[in-house]
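Trainee: Next comes the sequence, and after it the predicted model I'd like to discuss.
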Amino acid sequence: MKTPVLETERLLLRPFRETDAFDVFNGWESDEQVAKYMFWCSHNDVNRTISWVKKEVEKIDADDWYRFAIVDKEKNELMGTGLIYFEEEVENWEIAYNLGRKYWGKGYTTEAMQRILKFAVNELGIKKVVGRHATENPASGNVMRKLGFTFVKDIPYECNRGKVKTTGKYYLYTVNE
């Protein structure tokens, strides 16, 4: 299924476009603080971001990868990204998200991911989703708990493409029928 356009009260969730690359780079990809506890590394070259956005555009029709650009409807500003995808490593659907720093602490991530989970359950028929985050990033755990995820266990966790090894938290979201 093609990645659809979704909406919430404050947000537009849409597939990425190649024209988003500079906003992505300036909004969060070049910010080491945003990437600090992520699996990926921040970009110090906009060409890396252009390449990343092109790959995301190529995945819009995939049946196992739904990445949404999170856009403030009122200001028409690209704020971050929300994703639900099938992760082979954990043999399950997983969520991921990040926002530019200026949007942190305002409930945008929870709002966006609630809508993405609703899409996953109602449109894709997904019954179980996992989430992981570095222990040093408790705000991500707060989002997961607000979404209805339950803490399962501590796990090994790598940040910045394995440059930083730490402990992570593993959460599970299950649809009750």
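Mentor: Looks like it arrived, so ask away.
Trainee: Am I right that residue 169 is in contact with residue 139?
Mentor: No - counting by C-beta atoms under 8 Å, residue 139 is not a contact partner of residue 169; they are 11.8 Å apart. C-beta coordinates here come from the backbone N, C-alpha and C atoms, glycine included.
Trainee: And these two? Which one has more around it.
Mentor: residue 169 (21 against 11; other C-beta atoms under 10 Å).
Trainee: Quick check: phi and psi on the more buried one?
Mentor: The phi and psi values for residue 169, taken as degrees, to the nearest 10, are phi -120, psi 140.
Trainee: let's number from 69 now, not from 1
Mentor: Right, with 69 as the first residue, what we last looked at is residue 237.
Trainee: which residues does it contact?
Mentor: 200-203, 209, 219, 222-223 (C-beta atoms under 8 Å, 6 or more residues apart in numbering).
Trainee: And the residue nearest the centre of the chain?
Mentor: Nearest to the mean C-alpha position of the chain, by C-alpha atoms, centre = their mean, lies residue 165 at 2.0 Å.
Trainee: where does the strand or helix carrying that one sit relative to the chain's centre, distance-wise?
Mentor: Assigned by DSSP states H and E, residue 165 belongs to strand 160-167. Chain-centre distance of strand 160-167: 4 Å, with C-alpha atoms, centre = their mean, to the nearest Å.
Trainee: Read off the pLDDT value for the residue lying closest to residue 226 once chain neighbours are set aside.
Mentor: Using C-beta to C-beta, 6 or more residues apart in numbering and skipping the chain neighbours, the partner closest in space to residue 226 is residue 233 (5.5 Å). Note on residue 233: pLDDT of 77.
Trainee: Number of residues surrounding residue 233?
Mentor: Neighbours around residue 233, by other C-beta under 10 Å: 11.
Trainee: Can you tell me which helices and strands the strand holding residue 165 packs against?
Mentor: Packing partners of strand 160-167 (3 or more C-beta pairs under 8 Å, 6 or more residues apart in numbering; DSSP states H and E): strand 145-155, helix 176-190, strand 196-202, helix 206-215.
Trainee: Adding mean pLDDT and distance to residue 161, write these out as TSV.
Mentor: What follows is these, written out as TSV (pLDDT from 0 to 100; distance: least, C-beta to C-beta, whole Å):
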stretch	mean pLDDT	distance to residue 161
strand 145-155	95	6
helix 176-190	97	7
strand 196-202	94	5
helix 206-215	94	13
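Trainee: and the ones you listed as TSV, adding distance to residue 139?
Mentor: Output for these, formatted as TSV (distance: least, C-beta to C-beta, whole Å):
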stretch	distance to residue 139
strand 145-155	6
helix 176-190	10
strand 196-202	22
helix 206-215	18
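Trainee: Out of the contacts of residue 237, which two sit at the greatest distance?
Mentor: Farthest-apart pair in these is 202 and 219; separation 14.0 Å (C-beta to C-beta).
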